[in-house]
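Colleague: take a look and give me a structure for this.
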Amino acid sequence: MAPYGKKTLIVSGNCQASFLARALAESPQVAADYRVVYFRDFRKGDAGVLREEDVRSCAVFVEQVAHNRSKLPDLGALPAGCLRVRYPILWMYSLWPTFVRDPRSGDPARPNAGDWPYGDRLILEFLDQGLTPEEASRRFLETDLRQAMDLDRFHEINAEKSRQIDQMADIKWGAPVLEAFRTRRLFVTNNHPAPEMLETMRQAVFEAIGVPAPPSDLKEASGGMGRIHWPIHPSVGEHFKLEWYDPDAEYQHFENRYRIGEFMRRYAAFE
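Modeller: Just a heads-up that it's a prediction; the model follows:
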């Protein structure tokens with residue numbers, strides 16, 4: 001008998017794993033048989049805790065795989081019959097080739113640092129040159145990224161990484177993403193899937209563990225992954241011929257929505 005009276009279902013990984021753990025926990029059939037444990041273990045310094053009793057009582061281990069990830073605890077204590085399901089990390093850097101971690105967002109002295117968890121290299125370069133936020137945003141839009149960098153080469157490098165991660169996984173998501181990203185919006189930032197992709201993830205994991213997927217409130221289960229939609233540069237949308245791309249679209253920033261110029265101006269100006 002498991003120490004908690006139920007078998008344990010562990011989901012490990014980043015925020016995508018957190019979504020999967022919530023989706024599984026809200027299933028009455030899963031909740032009747034399992035205690036769902038989310039273990040955040042993707043980056044060095046993650047604060048997830050996976051206790052020995054969690055491992056010993058584990059009947060299903062849903063594990064995110066990637067090239068560089070933190071070392072999992074010793075899983076030698078997993079029961080012999082434990083079902084292990086490996087799924088790949090999902091990202092789409094090709095659509096955000098100037099993404100960078102903004103050092104301002106990691107500065108605890110800035111009261112609004114948490115408002116902008118994503119950043120843009122071009123905007124930071126323009127600010128370093130002494131441009132105002134308004135000027136930096138305008139220069140950002142005026143820049144043709146097709147002339148500034150090799151978008152095809154950048155995409156192929158990331159596509160090859162995705163293919164390699166698929167080879168490590170039981171569930172293959174990389175290839176379908178590469179085939180469909182031009183015709184369907186699958187991501188809202190470089191590492192946060194859009195609702196359609198979240199539903200694909202949910203269905204695939206339920207199928208892998210042999211449990212029907214119940215209806216789900218994706219917005220609720222996503223844990224806030226959709227609170228920020230980072231703009232796609234117009235030249236990137238044109239280059240990849242994104243059928244769903246709208247240069248006049250509004251992008252979510254918590255409770256507000258802004259067109260790309262205003263969005264990037266606000267990002268450039270944050271303190």
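Colleague: the bottom helix or strand of this protein by mean pLDDT?
Modeller: Least confident helix or strand of the chain, by mean pLDDT, DSSP states H and E, is helix 218-221 with a mean of 66.
Colleague: next secondary structure after that helix?
Modeller: Where DSSP states H and E defines the elements, the next helix or strand beyond helix 218-221 is helix 234-239.
Colleague: same question for that next one, mean pLDDT?
Modeller: For helix 234-239, the mean per-residue pLDDT is 98.
Colleague: may I see the buried residues of the helix or strand encompassing S137?
Modeller: Secondary structure from DSSP H and E places S137 in helix 133-142. Across helix 133-142, burial judged by 16 or more other CB atoms under 10 Å covers P133, A136, S137, R138, R139, F140, L141. Any C-beta I mention is one placed from the backbone N, CA and C, and that applies to glycine too.
Colleague: could the residues you listed go into TSV alongside pLDDT?
Modeller: Output for these, formatted as TSV (pLDDT from 0 to 100):
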residue	pLDDT
P133	98
A136	98
S137	98
R138	98
R139	98
F140	98
L141	97
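Colleague: including distance to A268, could these go into TSV?
Modeller: Listed next are the buried residues of helix 133-142 as TSV, based on distance: CB to CB, whole Å:
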residue	distance to A268
P133	4
A136	5
S137	6
R138	10
R139	10
F140	8
L141	12
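Colleague: looking at the residues you listed, which is nearest E243?
Modeller: Relative to E243, the closest of the buried residues of helix 133-142 is L141; by CB to CB it sits at 21.6 Å.
Colleague: my guess is the closest one meets P234, correct?
Modeller: Yes. Assessed by CB atoms under 8 Å, L141 is found in contact with P234 at 7.0 Å.
Colleague: which residues are in contact with both of these two?
Modeller: Shared contacts of L141 and P234 (CB atoms under 8 Å, 6 or more residues apart in numbering): I260.
Colleague: where do the helices of the stretch 51-200 of the chain begin and end?
Modeller: For the stretch 51-200 of the chain, the helices defined by DSSP state H, counting those that start in this stretch occupy 52-56, 121-128, 133-142, 145-148, 151-168, 174-180, 195-209.
Colleague: which stretch in the ones you listed has the least confidence?
Modeller: For the helices of the stretch 51-200 of the chain, mean pLDDT drops lowest on helix 52-56, to a mean of 86.
Colleague: re the thing from before, format the helices of the stretch 51-200 of the chain as TSV; extra columns: distance to G81.
Modeller: Below are these laid out as TSV (distance: least, CB to CB, whole Å):
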stretch	distance to G81
helix 52-56	13
helix 121-128	49
helix 133-142	54
helix 145-148	51
helix 151-168	22
helix 174-180	29
helix 195-209	13
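Colleague: so which of these comes closest to I89?
Modeller: Comparison of the helices of the stretch 51-200 of the chain against I89 by CB to CB identifies helix 151-168 as nearest, at 6.5 Å.
Colleague: buried residues in stretch 244-255, which are they?
Modeller: By neighbour count on 16+ other CB under 10 Å, the buried set for stretch 244-255 is Y245, Y251, H253.
Colleague: give me the low-pLDDT residue ranges for the chain?
Modeller: Residue ranges of the chain with pLDDT under 70: 1-4, 42-49, 68-74, 217-224.
Colleague: mind running it again at 50?
Modeller: Applying pLDDT under 50 to the chain picks out residues 1, 3.
Colleague: so what are the domain limits for it?
Modeller: The chain breaks down by automatic domain parsing into domains covering 7-92+152-215, 95-145+226-269.
Colleague: what distance separates the start and the end of the last one?
Modeller: Meaning domain 95-145+226-269. Taking CA to CA, to the nearest Å, domain 95-145+226-269 runs 23 Å from one end to the other.
Colleague: what is the distance between it and the centre of its chain?
Modeller: Domain 95-145+226-269 sits 17 Å away from the centroid of its parent chain (CA atoms, centre = their mean, to the nearest Å).
Colleague: what's the burial count for the residue nearest to V65 when sequence neighbours are not counted?
Modeller: Closest residue in space to V65, ignoring its immediate chain neighbours: M168 at 4.5 Å, by CB to CB, 6 or more residues apart in numbering. When neighbours are counted by other CB atoms under 10 Å, M168 registers 12.
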